[in-house]
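Undergrad: Sequence first, predicted model second:
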Amino acid sequence: MKTGMIYLRLTFVAIFWGLSFNAGQLAVEIMSPLTVTAWRFIIATIIMVSLLWIKEPPTKKLLKMNWKMYVMLGVVGVFVTNSFQFYALKFTSPLHPSLIMATNPMVTAIFAFFLLQERLRLAQLLGMVLSIVGVVYVITNGSFLSTFQSVNLGDLLAMGANITWALYAVLGRKFLKDSSSLATTTYTMAVATLCLLPFVSLQHAAVSSQTLWIGWGAIAFMGTCGAVLTFLWWNQGVATIGASKTSVFFNLVPVVTLLASVAMGQHIGITQVIGTGLVIIGVFISSMNRSSMA
């Protein structure tokens with residue numbers, strides 16, 4: 001596949017991820033966060049299992065070696081992460097979780113330092129500091145002194161989701177054996193879906209038919225474009241141009257969320273713009289440092 005097509009797909013990955021935060025906010029208006037999460041992963045798991053069966057038929061050996069880790073990663077890295085993310089949208093604007101999750105490559109690097117003994121470079125540390133400052137600046141609306149008073153439950157849940165998603169990546173790399181990214185994602189999605197089955201329901205809030213259709217459309221978008229296509233295209237990018245160059249596209253995610261929030265009529269002030277800029281610069285510095293060292 002041509003490099004230009006890879007870059008185009010990675011751009012759409014960032015767009016889909018960024019829009020997923022706004023879509024999640026629309027979806028939780030008609031259903032509970034856990035119900036939204038359940039339907040999203042039912043859709044995604046059906047598609048991923050079909051792809052896995054076609055490309056990499058399951059083997060007893062692989063499942064025997066890794067089933068315990070698949071279960072743990074599915075519960076912690078997929079079920080808990082996404083439950084936290086969708087509940088966060090009940091208490092905070094989509095931009096806050098988007099900014100917090102944009103720092104995930106750096107949070108992952110910290111866990112990798114302690115659990116995998118991977119080296120942390122000076123530029124990575126600088127990028128982390130800038131990104132954290134940017135996130136705190138937005139959350140506190142520009143008042144660092146009021147950090148503890150300004151952080152709400154939604155922000156705390158988004159931080160928890162960021163931590164569990166980073167653990168998903170690091171623990172998978174440390175303990176999974178001979179498991180492809182397609183297999184790992186499919187099996188862990190399936191585990192999360194089993195955890196979410198008790199929350200599946202067609203009941204919804206008393207809303208207009210238009211709002212209901214918009215909510216279901218948001219769920220379908222998150223289950224397909226926001227889960228399946230992002231995974232497939234992101235891994236194509238990693239395989240073709242490398243993890244370092246691919247990770248740079250994380251910079252676009254909060255920008256997309258911010259622009260979508262503006263389009264949806266939400267107020268975005270100079271504080272949000274400055275904070276988003278600091279996060280983007282931080283992620284860019286950290287990513288470019290890895291690229292230059294590759």
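TA: Done, it's in. Note that the structure is predicted; figures quoted are calculated from it, not measured. Numbers count the residues shown, from 1 in each chain.

Undergrad: Name the residues of the strand or helix carrying residue 217 that come out as buried.
TA: Here residue 217 sits within helix 209-224, counting by DSSP states H and E. By 16 or more other CB atoms under 10 Å, the buried positions in helix 209-224 come out as 212, 214, 215, 216, 218, 219, 220, 221, 222, 223, 224. In this view, the C-beta of every residue, glycine as well, is placed from N, C-alpha and C.

Undergrad: can you redo the residues you listed as a markdown table with pLDDT and distance to residue 8?
TA: Shown next, in a markdown table, are those (pLDDT from 0 to 100; distance: CB to CB, whole Å):
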| residue | pLDDT | distance to residue 8 |
| --- | --- | --- |
| 212 | 93 | 33 |
| 214 | 95 | 28 |
| 215 | 95 | 29 |
| 216 | 96 | 28 |
| 218 | 97 | 24 |
| 219 | 96 | 26 |
| 220 | 97 | 23 |
| 221 | 97 | 19 |
| 222 | 97 | 21 |
| 223 | 96 | 22 |
| 224 | 96 | 18 |
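
Undergrad: so can I have a markdown table of those showing distance to residue 184?
TA: Formatted as a markdown table, these follow (distance: CB to CB, whole Å):
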| residue | distance to residue 184 |
| --- | --- |
| 212 | 35 |
| 214 | 33 |
| 215 | 30 |
| 216 | 29 |
| 218 | 26 |
| 219 | 24 |
| 220 | 24 |
| 221 | 24 |
| 222 | 20 |
| 223 | 19 |
| 224 | 20 |
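
Undergrad: C-alpha coordinates for the helix holding residue 217, PDB please?
TA: Provided in PDB are the C-alpha atoms of helix 209-224 (Å, rounded to 0.1, in the frame of the first residue of the first chain):
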ATOM      1  CA  SER A 209     -37.400  10.400  17.700                       C
ATOM      2  CA  GLN A 210     -34.700  12.600  16.100                       C
ATOM      3  CA  THR A 211     -32.600  12.500  19.300                       C
ATOM      4  CA  LEU A 212     -33.100   8.700  19.500                       C
ATOM      5  CA  TRP A 213     -31.900   8.100  15.900                       C
ATOM      6  CA  ILE A 214     -28.900  10.500  16.500                       C
ATOM      7  CA  GLY A 215     -28.000   8.500  19.600                       C
ATOM      8  CA  TRP A 216     -28.200   5.100  17.800                       C
ATOM      9  CA  GLY A 217     -26.300   6.600  14.900                       C
ATOM     10  CA  ALA A 218     -23.600   7.700  17.400                       C
ATOM     11  CA  ILE A 219     -23.400   4.100  18.800                       C
ATOM     12  CA  ALA A 220     -23.100   2.600  15.300                       C
ATOM     13  CA  PHE A 221     -20.400   5.100  14.400                       C
ATOM     14  CA  MET A 222     -18.400   4.300  17.600                       C
ATOM     15  CA  GLY A 223     -18.700   0.500  17.000                       C
ATOM     16  CA  THR A 224     -17.600   0.600  13.400                       C
END
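
Undergrad: next SSE after it?
TA: That would be, after helix 209-224 and using DSSP H and E, helix 230-241.

Undergrad: Just the buried positions in that next one, please.
TA: 230, 231, 232, 233, 234, 235, 236, 237, 238, 240, 241.

Undergrad: Helix or strand, whichever it is, which one in this structure has the lowest mean pLDDT?
TA: Least confident helix or strand of the chain, by mean pLDDT, DSSP states H and E, is helix 147-150 with a mean of 57.
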